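In: Fold the stuff below for me.
(one chain, ligands or ions: 3)
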Amino acid sequence: MRVILLGTAAGGGFPQWNCWCPSCRVARATPERAHPRTQSSAAVSLDGERWFLLNASPDVREQLGRLTPEAPSGMRHVPVEGIVLTDAELDHTLGIALLREGRHLQLYATAAVRAVLAEDSRILPVTSAFAQVETTDLPLDVSVPLRYRDGSTSGLSVTAFAVPGDPPRFARRELAGHTVGLLIREAATDATLAFVPGCGALDAALLARLRQANLVLFDGTFWTDDEMIRLGLSERTAREMDHLPQSGADGSLALLRRLNGPRVVYTHINNSNPILIEDSIERREVLAAGIEIGDDAMSFALP
Ligand code: MLT
Ligand code: MN
Ligand code: ZN
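Out: Numbering: from 1, shown residues only. Ligands and ions are numbered 1, 2, ... in the order given. Below is the predicted model:
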């Protein structure tokens, strides 16, 4: 299974257009010291040609260039066979509407995520006015085959599992399964990717799930719980925004370093996070714990 990190920044990207926090300043002045990043999304493929997107970011147009390396022969070429969603947040779903020229899109999402897309953001009815949008339900904890757009099986399957958090702030209802992690598995080799770009807490059951994977792409939004408050950027803590911070005895770094097995890479990194600065002590602490920090275009071959 091939995995590409299409984007590794949280909502807003890095640097964020209106942000002049310390790391955004470094990214603008000396990008080699803090690599600019597009908004969080990944792609998986078995043949390197037909890809499944894991979330569709507002930067999808720029990101899809990474999936079509050589000039295709036909007049139109859609490298995306399906889009698998972890939630209905704008940074993970605005790209769906931007792919409307694809004419035929497949969405894999829980009923709760589909309800927010249908009723609250209305991304589903808007996109459906331009393209045939086929949706496949992801019941929690059930393995679902990923099919190509012609209906054939891909050899990949996905299992969605609930993770702690709240629905998007514009959602009017709270339904079970509004925020999930994904396990993507290749039947032939058992290679497994865990994709969890947003997660409010990590308990033993969730850690046991992640341990099954060869590669874990995990929520790297914030370094400290009060990061946004201290910088004067928000009144809310990381945990209040449903992102488990990395640092501290109960942070994700201390918990994930004990997984002993999977390769672990942080993604969905907020522009305020000091790990984005290449020579920061916080970044060094992450790397010393054996955990990696995602960069756009980073790719992996599993198992
Ligand atoms: C999040 O990751 O918490 C959401 O994407 C927030 C946002 O889009 O502003
Ligand atoms: Mn986000
Ligand atoms: Zn910033």
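In: Residue numbers of the stretch 1-150 of the chain in contact with ligand 3?
Out: Proximity of the stretch 1-150 of the chain to ligand 3 is confined to 19, 21, 24 under the rule C-beta under 5 Å from the ion. Every residue, glycine included, has its C-beta placed from N, CA and C.
In: Pick the one among the residues you listed closest to ligand 2.
Out: C19 (14.7 Å; C-beta to the ion).
In: Check which helix or strand the closest one maps to.
Out: Under DSSP states H and E, no helix or strand contains C19.
In: try the one 4 residues further on
Out: Per DSSP H and E: S23 is located in helix 22-29.
In: just R114 next, same as before
Out: With DSSP H and E as the test, R114 turns up in helix 111-115.
In: Now do the next helix or strand after that helix: which elements does it pack against?
Out: Going down the chain from helix 111-115, the next helix or strand is helix 123-128, by DSSP H and E. Counting contacts by 3 or more C-beta pairs under 8 Å, 6 or more residues apart in numbering; DSSP states H and E, helix 123-128 packs against helix 90-98, strand 132-137.
In: tell me which strands and helices the longest one is in contact with?
Out: I take that to be helix 90-98. helix 60-64, helix 123-128.
In: Give me the spatial nearest neighbour of the residue in the stretch 51-200 of the chain positioned nearest to ligand 2, chain neighbours excluded.
Out: Ligand 2 sits closest to D91 of the stretch 51-200 of the chain, with a gap of 4.3 Å, by C-beta to the ion. Distances taken as C-beta to C-beta, 6 or more residues apart in numbering place G11 nearest to D91, at 3.5 Å, with adjacent residues excluded.
In: looking at it, that neighbour is touching D87, isn't it?
Out: No. Using C-beta atoms under 8 Å, G11 is not in contact with D87; the gap is 11.5 Å.
In: Would you mind listing what in the protein touches ligand 2?
Out: Going by C-beta under 5 Å from the ion, the residues of the chain near ligand 2 are 10-11, 89, 91.
In: can you do 6 Å?
Out: 10-11, 89, 91, 198, 268 (C-beta under 6 Å from the ion).
In: can I assume L156 sits in a helix?
Out: No. According to DSSP: H, G, I helix; E, B strand; the rest coil, L156 belongs to no helix; its state is strand.
In: The closest residue to it other than its chain neighbours: which element?
Out: In this structure, L156 finds its nearest non-sequential neighbour in L146, 4.5 Å apart by C-beta to C-beta, 6+ apart. Using DSSP H and E, the element containing L146 is strand 143-147.
In: pLDDT at the closest residue in space to M228 that isn't next to it in sequence, what is it?
Out: Nearest non-adjacent residue to M228, counting by C-beta to C-beta, 6+ apart: S234, 3.7 Å away. For S234, the model assigns a pLDDT of 97.
In: Let me know the secondary structure of the residue of the chain found nearest ligand 1.
Out: Taking C-beta to the nearest ligand atom, ligand 1 has its nearest neighbour within the chain at G11, 3.3 Å off. State at G11, reduced to three classes by three-state DSSP: coil.
In: For it, list the residues it contacts.
Out: With contact taken as C-beta atoms under 8 Å, 6 or more residues apart in numbering, G11 is in contact with 39-40, 89-91.
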